[in-house]
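Visitor: Structure for the following, please:
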Amino acid sequence: MTNRFTSSADQAAQTPRQSSLEACLEAVCQKGCRAVRRDIAALEAGAQLPEAALLTQEERRVLLHELKQIMAVYGDSCRVEPS
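Guide: Numbering: from 1, shown residues only. This next block holds a predicted model:
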């Protein structure tokens, strides 16, 4: 199965760890814009996301970076309201 981040050739060359990271990224993004913003804040605060439970600390850092890049496309739309 290909996703929006990798071609079928790239995906075939991925290691199992890369596939886990891609699957986690897809799962988090499927939750929707506001939930992703909350998850970014949680990751920045050092919290563990259920979707990222099997990722290493470095993979969680990459996940956070990727989520920030994806959400940068949306600018200030769907921002999490301050509490």
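Visitor: can we go C-alpha only for contacts and neighbour counts from here?
Guide: Noted.
Visitor: most residues in a single helix of this structure, which one?
Guide: Using DSSP state H to define each element, the chain has its longest helix at helix 57-72.
Visitor: Show me what that helix packs onto, helices and strands only.
Guide: Judged by 3 or more CA pairs under 8 Å, 6 or more residues apart in numbering; DSSP states H and E, the packing partners of helix 57-72 are helix 16-29, helix 33-44.
Visitor: Now it: buried residues?
Guide: Along helix 57-72, the positions that meet the burial threshold by neighbour count (16 or more other CA atoms under 10 Å) are 59-60, 63-64, 67, 71.
Visitor: can you redo the residues you listed as CSV with pLDDT?
Guide: Putting the buried residues of helix 57-72 into CSV (pLDDT from 0 to 100) gives the following:
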residue, pLDDT
59, 95
60, 96
63, 97
64, 98
67, 97
71, 94
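Visitor: rewinding a little: contacts for the longest helix of the chain?
Guide: Helix 57-72 has contacts (CA atoms under 8 Å, 6 or more residues apart in numbering) with 21, 24-25, 29, 33, 36-37, 40, 43-44, 52.
Visitor: TSV for the residues you listed, including neighbour count, pLDDT and distance to residue 76?
Guide: Rendered in TSV, the data for those read as follows (neighbours: other CA atoms under 10 Å; pLDDT from 0 to 100; distance: CA to CA, whole Å):
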residue	neighbour count	pLDDT	distance to residue 76
21	20	94	26
24	22	96	24
25	21	96	21
29	18	95	17
33	17	93	11
36	22	96	13
37	18	95	11
40	21	97	14
43	17	97	19
44	12	97	18
52	20	96	25
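Visitor: which two from those end up farthest apart in space?
Guide: Taking CA to CA as the measure, those span a maximum distance of 19.0 Å, between 21 and 33.
Visitor: mind checking how far the residue positioned nearest the centre of the chain is from residue 74?
Guide: The residue at the geometric middle of the chain, judged as the C-alpha nearest the mean C-alpha position with CA atoms, centre = their mean, is residue 25 (3.4 Å). In this structure, residue 25 and residue 74 are separated by 17 Å, where distance is defined by CA to CA, to the nearest Å.
Visitor: Check residue 31 too.
Guide: Taking CA to CA, one finds residue 31 at 15 Å from residue 74.
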